[in-house]
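*Asks:* give the three-dimensional model of this entry:
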Amino acid sequence: MPGKTPVKKVSAKKARKKVKTFSEEVAPKLDPKARNMCLKCRGTKKLCGKEKCPVLQKYYSQVGDEKKKKFDTKEIEGNSPPSVFIGRYNYPKVNVGPLVPPEKGDTSVYSRPEKWFGTAEMNDIIEMRGNLARGKKKLTSDVKINNIGRDEQELRYLALSKNPAETEVKFKKNLNESMKLDGRSQPHGPSGPMESFKRGTMSSDQRLEKVFYDKDLKANKAVKKLYSKGVSVSRIQDIFAVGGTGIKEKRKFVPTRWSITAVDDILGKDMRKSVKTYQRINEWRVYKTNYLDNQWVVVFTPETWRYELIEAFYPETTWNPSKDSITIFGDHEEFDGRDDYASIGGCYYAARLAVLEKLEEERRQAGVLVLREARPGYILPVGVWLTRESIRNALGARPRKFNSSEEVLGFIRQLTDLSLDEWVSVSRLLKTREKQRTIESYL
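*Replies:* Numbering: from 1, shown residues only. You can find the predicted model right below:
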């Protein structure tokens, strides 16, 4: 279960400065269950009872307006990156369709977040993703692949394309919606019901094609096979979403949001098995990085496998609409993992995959703590790829090494805006460490 999730009051203007612990008298008088509602919901669970997420609605008006004229049309021809999107509403009768920009040429970067870190800023991401119009066709039966129409089958083939594929989409009416935002998947531009969908000639990625036509290979094994062949996580997620993996009679469309976490979880669980057999590291390490006004601090400890992710969202950032309080929330697992779905959502599994990749690379085992500070500049949700790629970047740099947990905790105090007490108040792993240190002082 996640640790305590207090909300501490702090002036939005001083959000970047060191945050001190405030007493309950100063803290906002909110129902404890409501304090972290937005961070726990992330616009998908409707915990506030509203039909549309008020956090996302606030941002819709800030992006995409200038693109409305560009998309005021019923027909779009362009090169899909390639990219597809499978909806989740009214499951199993969901909407499926391609993501297509009104432009030709190499558009592959639009749907490959592995290439974005350090080169694409928030405006760049909004520009790229906002250029992708989403065609929607509602499945007439359910998500099973057995009885689908021509458009749905063409969509599945599109996901196999090695390079951006020529695509033509005719909509039933002119597109005029704004950008679509999501906490887990990448945002995209306007969407609308399709009248028709055509795919031009294309060359398939042979790695994807082999799995696609192997109807006896289980989905988990297919995902792991593609990863071992060097296929990017984002491409595996696409092929998984269109039912391109698994035993023939079990294949089905998987909502994009679900496929993202499913692939991260499958790969993470597989790596965790081997990582738990390796020798432990023999020092404390701290890695850090910054991107899109998020700071990430990753701590490796000389212990057997255990893992925790804690996120702190500053006032008026994504998933914290409050003007004067910081929201902190976290989830963890011990050596044997966890049986239930992490309440913090897809970020948990994206971060876990990134740290396990590093440990697998070194063939070592460690305890891992990931701390995230989402600062005032992080105003729009861009998807859990941000977590995965940021941590991959952090772990690709040289870490600071220490000889004791006391030295690590002292370094964290210097790195983060939040005080150490704030992190400890939420962290199960840090609380355990503090308790062990107290016991050791009596021995």
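*Asks:* how about the longest helix along the chain, which residues are buried there?
*Replies:* Longest helix in the chain by number of residues (criterion: DSSP state H): helix 256-275. Residues of helix 256-275 classed as buried by neighbour count (16 or more other CB atoms under 10 Å): 256-272, 275. Bear in mind the C-beta positions are built from the backbone N, C-alpha and C, glycine included.
*Asks:* OK, contacts around residue 168?
*Replies:* Contacts here follow CB atoms under 8 Å, 6 or more residues apart in numbering; on that basis residue 168 touches 75, 76, 77, 196, 197, 198, 200.
*Asks:* residue 169 is in contact with the first one, correct?
*Replies:* When you say that, I think you mean residue 75. Yes. Using CB atoms under 8 Å, residue 75 is in contact with residue 169, at 7.2 Å.
*Asks:* wait, residue 367 sits on residue 305?
*Replies:* Yes. With contact defined as CB under 8 Å, residue 367 counts as touching residue 305 (6.9 Å).
*Asks:* tell me how far stretch 154-174 is from the chain's mean position?
*Replies:* Centroid separation for stretch 154-174 versus its chain: 24 Å, with CA atoms, centre = their mean, to the nearest Å.
*Asks:* what about it, start to end distance?
*Replies:* Using CA to CA, to the nearest Å, one end of stretch 154-174 lies 23 Å from the other.
*Asks:* so for that stretch, what gets flagged as buried?
*Replies:* Neighbour-count burial for stretch 154-174, with 16+ other CB under 10 Å as criterion, is recorded at 155-162, 164-169, 171.
*Asks:* kindly report the same for stretch 326-337.
*Replies:* 326, 327, 328, 329, 330, 331, 332, 333.
*Asks:* among the residues you listed, name the ones in strands.
*Replies:* Applying DSSP state E to the buried residues of stretch 326-337, the entries found in strands are 326, 327, 328, 329, 330, 331, 332, 333.
*Asks:* ok, so what distance separates the spatially closest residue to residue 188 that is not a sequence neighbour from residue 424?
*Replies:* Excluding its sequence neighbours, the residue lying closest to residue 188 (CB to CB, 6 or more residues apart in numbering) is residue 132, at 4.7 Å. From residue 132 across to residue 424, the span is 42 Å (CB to CB, to the nearest Å).
*Asks:* neighbour count: those two, which is higher?
*Replies:* Counted by other CB atoms under 10 Å, residue 132 and residue 424 do not tie: residue 132 has more neighbours, with 28 against 15.
*Asks:* mind listing the helices for this protein?
*Replies:* 32-35, 37-41, 54-60, 122-130, 150-158, 206-212, 219-228, 233-241, 256-275, 346-362, 385-395, 405-415, 420-426, 428-440.
*Asks:* quickly, which of these bottoms out on average pLDDT?
*Replies:* Lowest mean pLDDT of these: helix 32-35, a mean of 45.
*Asks:* re the thing from before, how about the residue nearest to residue 188, phi and psi?
*Replies:* Phi and psi for residue 132, reported as degrees, to the nearest 10, are phi -100, psi 110.
*Asks:* count of neighbours near residue 133?
*Replies:* Neighbours of residue 133 using other CB under 10 Å come to 26.
*Asks:* ok, it touching residue 189?
*Replies:* Yes. Counting by CB under 8 Å, residue 133 touches residue 189, with 5.1 Å between them.
*Asks:* now the spatially most central residue of the chain: how far from residue 299?
*Replies:* Taking CA atoms, centre = their mean, the centroid of the chain lies closest to residue 384, which sits 1.2 Å from it. Going from residue 384 to residue 299 by CB to CB gives 21 Å.
*Asks:* alpha carbons of stretch 419-432, as PDB, please.
*Replies:* Output of stretch 419-432 as PDB, limited to C-alpha atoms (Å, rounded to 0.1, in the frame of the first residue of the first chain):
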ATOM      1  CA  SER A 419      13.000  19.000   2.800                       C
ATOM      2  CA  LEU A 420      14.100  15.400   3.700                       C
ATOM      3  CA  ASP A 421      11.300  15.300   6.300                       C
ATOM      4  CA  GLU A 422       8.700  15.800   3.500                       C
ATOM      5  CA  TRP A 423      10.100  12.800   1.600                       C
ATOM      6  CA  VAL A 424      10.400  10.600   4.700                       C
ATOM      7  CA  SER A 425       6.700  11.400   5.600                       C
ATOM      8  CA  VAL A 426       5.600   9.600   2.500                       C
ATOM      9  CA  SER A 427       8.400   7.000   1.800                       C
ATOM     10  CA  ARG A 428       8.100   3.500   3.100                       C
ATOM     11  CA  LEU A 429      11.700   2.700   2.200                       C
ATOM     12  CA  LEU A 430      13.100   5.900   3.800                       C
ATOM     13  CA  LYS A 431      11.100   5.200   7.000                       C
ATOM     14  CA  THR A 432      12.500   1.700   7.100                       C
END
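*Asks:* picking that back up, next step: the buried residues of stretch 154-174 restricted to strands.
*Replies:* Within the buried residues of stretch 154-174, residues falling in strands by DSSP E are 165, 166, 167, 168, 169, 171.
*Asks:* can you give me the neighbour number for the residue lying closest to residue 96 once chain neighbours are set aside?
*Replies:* Computed as CB to CB, 6+ apart, the closest residue to residue 96 that is not its neighbour in sequence is residue 86, at 5.2 Å. Applying other CB under 10 Å, we find 26 residues neighbouring residue 86.
*Asks:* so residue 86 sits right up against residue 256, yeah?
*Replies:* Yes. Contact criterion CB under 8 Å: residue 86 and residue 256 qualify, at 4.9 Å.
*Asks:* give the residues shared as contacts by the two.
*Replies:* Listed as contacting both residue 86 and residue 256 by CB under 8 Å, 6+ apart are residue 241.
*Asks:* leaving out sequence neighbours, find the closest residue to residue 307.
*Replies:* residue 368 (4.7 Å).
*Asks:* so what's that neighbour bridging to?
*Replies:* residue 300, residue 307 (DSSP bridges).
*Asks:* what sits against it?
*Replies:* 298, 299, 300, 301, 305, 306, 307, 308, 355, 359.
*Asks:* how about residue 79, what does it touch?
*Replies:* 100, 101, 103, 104, 105, 106, 107, 164, 165, 166, 167.
*Asks:* please redo it, this time with the cut-off set to 7 Å
*Replies:* 104, 105, 107, 164, 165, 166, 167 (CB atoms under 7 Å, 6 or more residues apart in numbering).
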